[in-house]
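1. need a structure here:
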Amino acid sequence: MNHSQLFSRRTEAKVDFRPDPAPQSPFSQIRRLAAYLRSEVAPAEDLTDCPEALNYLREYTYRKIFTGTSHEDFVELDRNYPQAVDWLIAIHQVETSNFRSTRK
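-> Residues are numbered from 1 along each chain as shown. Below is the predicted model of the structure:
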């Protein structure tokens with residue numbers, strides 16, 4: 001069982017991930033995000049069907065790279081320099097890939 005499914009069963013759940021067919025429901029968004037992440041290549045069209053999931057994934061990814069960053073730090077950086085967040089995530093991917101290829 002996924003943790004999100006378990007946490008949704010609380011009396012005062014903050015986000016309800018229980019099955020819900022509504023297109024913008026947390027359940028539907030996270031299901032679509034999981035499908036996108038499993039694919040080899042991003043789809044050609046814009047991803048507009050899971051905006052909250054993508055926003056949280058973006059913050060999660062940034063904070064996973066820069067582990068000392070708080071939510072407040074991320075929000076401030078994203079408000080003032082949103083392009084920096086995207087660039088730093090992309091740079092990290094390139095550098096990590098380069099590092100892995102030189103280790104072999």
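2. is the residue nearest the centre of the chain within a helix or a strand, and which one?
-> Closest to where the C-alpha atoms of the chain average out (Cα atoms, centre = their mean) is L57, at 1.0 Å. Taking DSSP states H and E as the criterion, L57 maps to helix 51-65.
3. distance check, A84 against E76.
-> Distance, A84 to E76, by Cβ to Cβ, to the nearest Å: 11 Å. Every C-beta, even on glycine, is put in place using the N, C-alpha and C of the backbone.
4. list the helices and strands the one helix or strand F99 maps to packs on?
-> Using DSSP H and E, F99 sits within helix 82-103. Helix 82-103 sits against helix 51-65, helix 71-80, with contacts defined as 3 or more Cβ pairs under 8 Å, 6 or more residues apart in numbering; DSSP states H and E.
5. quick check: which of those helices is nearest to N2?
-> helix 51-65 (13.4 Å; Cβ to Cβ).
6. which residues touch the worst-scoring helix or strand of the chain on mean pLDDT?
-> Scoring the helices and strands of the chain by mean pLDDT, DSSP states H and E places helix 3-7 at the bottom, with a mean of 76. Helix 3-7 has contacts (Cβ atoms under 8 Å, 6 or more residues apart in numbering) with 13, 15, 17-18, 26, 30.
7. filter those down to the buried ones.
-> 17, 26, 30 (16 or more other Cβ atoms under 10 Å).
8. switch these over to a markdown table; also include distance to T67.
-> Below are these laid out as a markdown table (distance: Cβ to Cβ, whole Å):
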| residue | distance to T67 |
| --- | --- |
| F17 | 26 |
| P26 | 26 |
| I30 | 24 |
